[in-house]
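Undergrad: Following is a predicted model, sequence given first.
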Amino acid sequence: MQITLLQAFLIGVIYYFGFVGTPWFLLLGGISIVQKPLVAGVLVGIILGNPVQGAIVGAAVQMPFIAYIFAGGAQPNDPGLAGTLGVALALAANLDPESAVAISVPIALIGTIINVVRMTLDVTFVHMIDAAAARGNMKQAVFLHIVPPQILCFVLCVVPVTLGCYYGVGAVSNIINIMQGRPLYTLQVIGGVLPALGIAMNLRTLDRPGTLIWFIFGFILSAYLGLGAMPIAIIGFVIAFFYVQLEMKAEEGKVVPVLSSSGRAVSPATSDIASDDSDDDFE
């Protein structure tokens with residue numbers, strides 16, 4: 001499959017919408033929903049005329065990034081680039097999901113370079129904003145805070161992805177043809193291991209008191225009762241709602257000891273009574 005220039009440009013626009021620092025389609029924590037490889041894969045599949053395969057490849061690419069977080073503001077990789085450029089090249093080269101994962105993870109590392117370049121160049125706008133604020137021109141400060149950084153981000157996102165999609169299909173196809181046999185099989189094995197790594201990173205969050213039991217409960221619902229993902233999600237939501245309500249009531253019912261003037265721990269009610277008595281005695 002050959003990706004046209006218009007298709008490559010549209011894929012670059014999708015990457016921009018999901019890039020870090022863009023205010024579009026944000027979820028909780030400031031992460032764009034388009035940054036998810038599963039969502040980006042579907043959109044890329046629609047552009048390339050194969051949304052079903054885009055969803056399949058996007059879901060496979062999503063697995064290594066299932067526990068993706070920012071630690072101290074550092075971006076370890078860019079799942080948005082893996083879900084756009086990686087999925088596009090995989091669809092164009094007719095790769096299976098395992099091979100798509102293997103080529104998408106290295107591509108995601110390139111996204112960190114783009115982000116570093118963006119943040120470095122954005123410093124220029126910060127000084128311009130300071131100068132506008134010092135002059136009291138708040139309209140110019142707001143404009144410099146929003147418009148020029150987004151134009152820069154648009155160029156940094158769209159141009160590399162457009163060129164990569166337009167010129168990279170032939171290179172990927174040639175590499176796959178050269179790697180036929182054992183090298184390609186090794187690539188598929190690596191692609192199969194990476195999703196397990198993402199799941200393992202996600203399971204580390206279960207190592208908390210009171211969390212593992214709910215994971216076991218969900219596993220029982222799926223494995224032994226045969227429930228699907230949607231019924232389990234609904235049951236989990238209901239249980240989580242009542243669980244949080246009970247915890248809030250337990251927190252409200254806790255009695256915090258208060259030290260009296262003699263150094264003894266008394267309840268807040270006793271302390272109030274003692275305070276009232278002392279006031280009466282003083283009067």
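TA: Arrived safely. Numbering: from 1, shown residues only.
Undergrad: CA only for contacts and neighbour counts going forward, please
TA: Fine.
Undergrad: In which helix or strand does residue 252 reside?
TA: Secondary structure assigned from DSSP states H and E places residue 252 in helix 229-253.
Undergrad: Average pLDDT for that helix, rounded please.
TA: Taken as a whole, helix 229-253 has an average pLDDT of 84.
Undergrad: Name the residues of it that are buried.
TA: The neighbour-count check on helix 229-253 (16 or more other C-alpha atoms under 10 Å) flags residue 232 as buried.
Undergrad: what do you get for stretch 7-19?
TA: In terms of neighbour count (16+ other C-alpha under 10 Å), stretch 7-19 has its buried residues at 7-19.
Undergrad: between those, which is nearest residue 83?
TA: Distance ranking of those against residue 83, using C-alpha to C-alpha, places residue 15 first at 8.3 Å.
Undergrad: Using a markdown table, lay out the buried residues of stretch 7-19 together with distance to residue 84 and secondary structure.
TA: Compiled in a markdown table, the buried residues of stretch 7-19 are given as follows (distance: C-alpha to C-alpha, whole Å; DSSP: H, G, I helix; E, B strand; the rest coil):
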| residue | distance to residue 84 | secondary structure |
| --- | --- | --- |
| 7 | 12 | helix |
| 8 | 10 | helix |
| 9 | 11 | helix |
| 10 | 10 | helix |
| 11 | 6 | helix |
| 12 | 8 | helix |
| 13 | 10 | helix |
| 14 | 7 | helix |
| 15 | 6 | helix |
| 16 | 10 | helix |
| 17 | 11 | helix |
| 18 | 10 | coil |
| 19 | 11 | coil |
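Undergrad: And the residues you listed, which two are furthest apart?
TA: 7 and 19 (18.5 Å).
Undergrad: Where does pLDDT dip in the chain?
TA: Counting by pLDDT under 70, the chain has low-confidence residues at 20-21, 24-31, 67-76, 169, 171-181, 183-185, 187-209, 254-283.
Undergrad: Quick one: the strands in it, in order.
TA: Secondary structure of the chain (DSSP state E): strands at 258-259, 265-266.
Undergrad: which one of the buried residues of stretch 7-19 sits closest to residue 153?
TA: Of all those, the one with the least separation from residue 153 (C-alpha to C-alpha) is residue 16, at 7.2 Å.
Undergrad: I figured that closest one hits residue 150, correct?
TA: No. In terms of C-alpha atoms under 8 Å, residue 16 does not count as a neighbour of residue 150; the distance is 9.4 Å.
Undergrad: Could you tell me which residues touch both of these two?
TA: Listed as contacting both residue 16 and residue 150 by C-alpha atoms under 8 Å, 6 or more residues apart in numbering are residue 22.
Undergrad: now what about the helix holding residue 252, what contacts it?
TA: Applying C-alpha under 8 Å, 6+ apart, the contact partners of helix 229-253 are 218, 221, 222.
Undergrad: In TSV: those, plus neighbour count and distance to residue 87.
TA: What follows is the contacts of helix 229-253, written out as TSV (neighbours: other C-alpha atoms under 10 Å; distance: C-alpha to C-alpha, whole Å):
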residue	neighbour count	distance to residue 87
218	17	31
221	17	33
222	15	30
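Undergrad: check contacts around residue 41.
TA: Residue 41 sits next to 51, 54, 55, 57, 58, 59, 83, 84, 87, 88 when contact means C-alpha under 8 Å, 6+ apart.
Undergrad: Against residue 1, how distant is it?
TA: Residue 41 is 16 Å from residue 1, where distance means C-alpha to C-alpha, to the nearest Å.
Undergrad: Residue 227 now?
TA: From residue 227 across to residue 1, the span is 39 Å (C-alpha to C-alpha).
Undergrad: Settle it for me: which of these two has more neighbours?
TA: residue 227 (15 against 12; other C-alpha atoms under 10 Å).
Undergrad: who are the neighbours in contact with that one?
TA: Residues in contact with residue 227, defined by C-alpha under 8 Å, 6+ apart, are residue 221.
Undergrad: quick one, phi psi at it?
TA: For residue 227, the backbone dihedrals are phi -80, psi 150 (criterion: degrees, to the nearest 10).
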